[in-house]
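Novice: Provided below are the primary sequence and the corresponding predicted coordinates.
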Amino acid sequence: MKLMLETIKNIGELNMDAMEEAGHRVNNLVKPPGSLGRIEDLAIQLAGITGNVFTKVDNKAVIVMAADHGVYDEGVAPNPQIITAIQTNNMAKGVTGVCAFAKQAGAKVIVVDVGVKNEVNYNGVINKKIRSGTSNMTQGPAMTREEAVRSIEIGIEITNEEIMKGANCIAIGEMGISNTTASSAIISVLGDCNPHDVVGIGAGLPVDKLHHKAEVIRRAINKNHPDANDPVDVLSKVGGFEIGGMVGTILAAAAQRKPIVIDGFISYAAALLAVALEPKIKSFIFVSHMSAEKGGVKALQLLGLDPLLNLGLRLGEGSGAVLAFNLLEAATYMVNEMVTLEESGIVL
């Protein structure tokens, strides 16, 4: 608990002086003002996060948290649970979707087992297993409060280590069969909305089973009565270990004034929990893409943030977040490589 509380305490506001200076430079680059649209906004936000107008995001890392869910037993996922372990291993081998995009973006992939049910080959996977999957949340809390805090602090620890190694831009990713169910539950609680308005097909659940999935979530919420005003309680009652790990990564990146890029639907749930813990975090977050999951719109409305891309993505793993790395880096190149009107000798 101490590490989590200290990390939250260290999260500050954006540096307004740096943002003003960055805005002045961006507006005076050799281009019509505003002609590079949201790329200009990214550059100004990056300056506010880092306190440096001439920001670099040249040491990028995506931290992927992997875990299983006891609610799988309720028939909410179409695929066997062993896929979590297989794909966790595949990430360590560098052969999944997020790994392919990370290679293109020049980013490092860090894979963390926080609660995979089946055996994982830990060669290349960081073993931080809390236990072998959460409990079935329709029967009681998914985890204890202590386990929820531990999952968050694992994310903080891993992220702090990567930043110490030089990472200056962090993305979050996940792997866990049934984690769209847990994420839908979190969003339903925090948004005070009907699970039927949030649930989607996840990794390919037949449409005719969506009603069952929503009813499973409704039962879990009614059983556990998660407190929407207590993010740790929500995580412990209806969340997942990997979601907690992503919350910790968001907290740590913000505390150390590093930009944090979130992925799709599962990461929206993690971001909502992180912002509930400390609202100032929202200014440090970049939403990479609009998830194709049904509840994505509702989640982003709750966050009050707009996605950078809309490509129909719903793979997860951090794949969309890694694609967005390129846009953040483009913003830094705009500031660092373009000259101003004055520097170019143009007088208007």
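Specialist: That came through, no problem.
Novice: which residues of the stretch 101-250 of the chain fall in strands?
Specialist: 108-115, 125-127, 169-175 (DSSP state E, counting those that start in this stretch).
Novice: please convert these to a markdown table, extending it with mean pLDDT and mean neighbour count.
Specialist: The way it works is simple: take the backbone N, C-alpha and C, and place the C-beta from them, glycine included. Formatted as a markdown table, the strands of the stretch 101-250 of the chain follow (pLDDT from 0 to 100; neighbours: other CB atoms under 10 Å):
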| stretch | mean pLDDT | mean neighbour count |
| --- | --- | --- |
| strand 108-115 | 98 | 26 |
| strand 125-127 | 97 | 17 |
| strand 169-175 | 98 | 31 |
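Novice: out of these, flag the one nearest residue 40.
Specialist: Among the strands of the stretch 101-250 of the chain, the nearest to residue 40 by CB to CB is strand 169-175 (18.1 Å).
Novice: tell me the strands beside that closest one, with direction?
Specialist: With DSSP bridges as the test, strand 169-175 is paired with strand 60-67 (parallel), strand 260-262 (parallel).
Novice: among the ones you listed, which is the most enclosed?
Specialist: Ranked by mean neighbour count, these are led by strand 60-67 with a mean of 30 (mean count of other CB atoms under 10 Å).
Novice: show me how far that strand is from its chain's centre.
Specialist: Put simply, strand 60-67 sits 9 Å off its chain's centre (CA atoms, centre = their mean, to the nearest Å).
Novice: then that strand to PDB, C-alphas only?
Specialist: Included here for strand 60-67 are C-alpha records, laid out as PDB according to Å, rounded to 0.1, in the frame of the first residue of the first chain:
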ATOM      1  CA  LYS A  60       9.800   3.500 -26.000                       C
ATOM      2  CA  ALA A  61       8.500   0.500 -24.000                       C
ATOM      3  CA  VAL A  62       5.200  -1.300 -23.900                       C
ATOM      4  CA  ILE A  63       4.600  -3.200 -20.700                       C
ATOM      5  CA  VAL A  64       2.200  -6.100 -21.200                       C
ATOM      6  CA  MET A  65       0.500  -7.600 -18.100                       C
ATOM      7  CA  ALA A  66      -0.800 -11.200 -18.400                       C
ATOM      8  CA  ALA A  67      -3.300 -13.000 -16.100                       C
END
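Novice: that strand to strand 108-115, inter-axis angle?
Specialist: Relative orientation of strand 60-67 versus strand 108-115 (axes from the mean of the first three to the mean of the last three CA atoms, to 10 degrees): 20 degrees.
Novice: which helices and strands does the helix or strand just after strand 60-67 pack with?
Specialist: With elements assigned by DSSP states H and E, the helix or strand that comes after strand 60-67 is helix 82-93. If contacts are counted by 3 or more CB pairs under 8 Å, 6 or more residues apart in numbering; DSSP states H and E, helix 82-93 sits against strand 60-67, helix 97-105, strand 108-115, strand 125-127, strand 169-175.
Novice: other SSEs contacting the longest one?
Specialist: Counting contacts by 3+ CB pairs under 8 Å, 6+ apart, the secondary-structure elements packed against helix 97-105 are strand 60-67, helix 82-93, strand 108-115, helix 319-337.
Novice: for it, the averaged confidence score.
Specialist: In this model, helix 97-105 has an average pLDDT of 98.
Novice: would you mark the buried spots in it?
Specialist: Residues 97, 98, 99, 101, 102, 105 are the ones in helix 97-105 that count as buried (16 or more other CB atoms under 10 Å).
Novice: any idea how far residue 80 is from residue 127?
Specialist: In this view, residue 127 and residue 80 are 22 Å apart by CB to CB, to the nearest Å.
Novice: related to what we said a few turns ago, mind putting the helices and strands packed on helix 82-93 in CSV, distance to residue 11 included?
Specialist: Shown next, in CSV, are the helices and strands packed on helix 82-93 (distance: least, CB to CB, whole Å):
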stretch, distance to residue 11
strand 60-67, 18
helix 97-105, 26
strand 108-115, 22
strand 125-127, 24
strand 169-175, 14
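Novice: residue 292: which of the ones you listed is closest?
Specialist: Closest approach to residue 292 among the helices and strands packed on helix 82-93 (CB to CB): helix 97-105, 14.2 Å.
Novice: residue 157 and residue 63 touch, don't they?
Specialist: No - counting by CB atoms under 8 Å, residue 157 does not reach residue 63; the two are 10.8 Å apart.
Novice: outline the domain layout of this structure.
Specialist: Split into domains by automatic domain parsing, the chain comes to 2-55+333-344, 60-327.
Novice: any low-confidence regions in the stretch 201-348 of the chain?
Specialist: Low-confidence segments of the stretch 201-348 of the chain (pLDDT under 70): 203.
Novice: try 50 this time
Specialist: In the predicted model of the stretch 201-348 of the chain, no residue satisfies pLDDT under 50.
Novice: no further queries at this time; thank you.
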